[in-house]
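**Q** Please find the sequence and the predicted model below.
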Amino acid sequence: VQLQAFGGGFVQAGDSLRLSCAVSGLIFRNYGMAWFRQAPEKEREFVAVISSSGNNRKYRDSVKGRFTISRDNAKNMVYLNMDSLKPEDTAIYYCATKWGSTFQYWGQGTQVTVSS
């Protein structure tokens, strides 16, 4: 199983970014997918999750209304659209598969840096 996250970068506060995660080695449409992030010297935290069908989504409170998680089951891809970025969104962002309550497989992460 491989997950490859990409699309991070260095942006200014208020800008937008779209993260992508390519998944292979499993039946993608059977898995929920999630994004997590880890800022320097902080623990990894949940950002967003989407169900296997794409019909259900949940977000951490601090990103609600600014971030949107989506997926394309035909392409084995999951996305995180991030608008109105803030310096506190600076972190390494990871995608992960979700089965039940377990996050089994993780990508390598992509760095997002938001400058004020």
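**A** Perfect, I can see it now.

**Q** how about the strands in this structure?
**A** Using DSSP state E, the strands found in the chain span residues 2-6, 9-12, 17-24, 32-38, 45-50, 57-59, 67-72, 77-82, 91-99, 102-106, 110-115.

**Q** Could you list the paired strands of the third one along with their orientation?
**A** Okay, so that is strand 17-24. The pairing partners recorded for strand 17-24 under DSSP bridges are strand 2-6 (antiparallel), strand 77-82 (antiparallel).

**Q** most centrally placed residue in the protein?
**A** Trp35 (2.9 Å; C-alpha atoms, centre = their mean).

**Q** didn't that residue look like it was pressed against Tyr93?
**A** Yes. Trp35 is within contact range of Tyr93, at 6.0 Å (criterion: C-beta atoms under 8 Å). Any C-beta I mention is one placed from the backbone N, CA and C, and that applies to glycine too.

**Q** list the residues that contact both of these two?
**A** Residues touching both Trp35 and Tyr93 (C-beta atoms under 8 Å, 6 or more residues apart in numbering) are Leu19, Val47, Leu80.

**Q** Compare these and tell me which has the most neighbours.
**A** Counting neighbours by other C-beta atoms under 10 Å, Leu80 leads the shared contacts of Trp35 and Tyr93 with 27 neighbours.

**Q** Sweet, I'm off.
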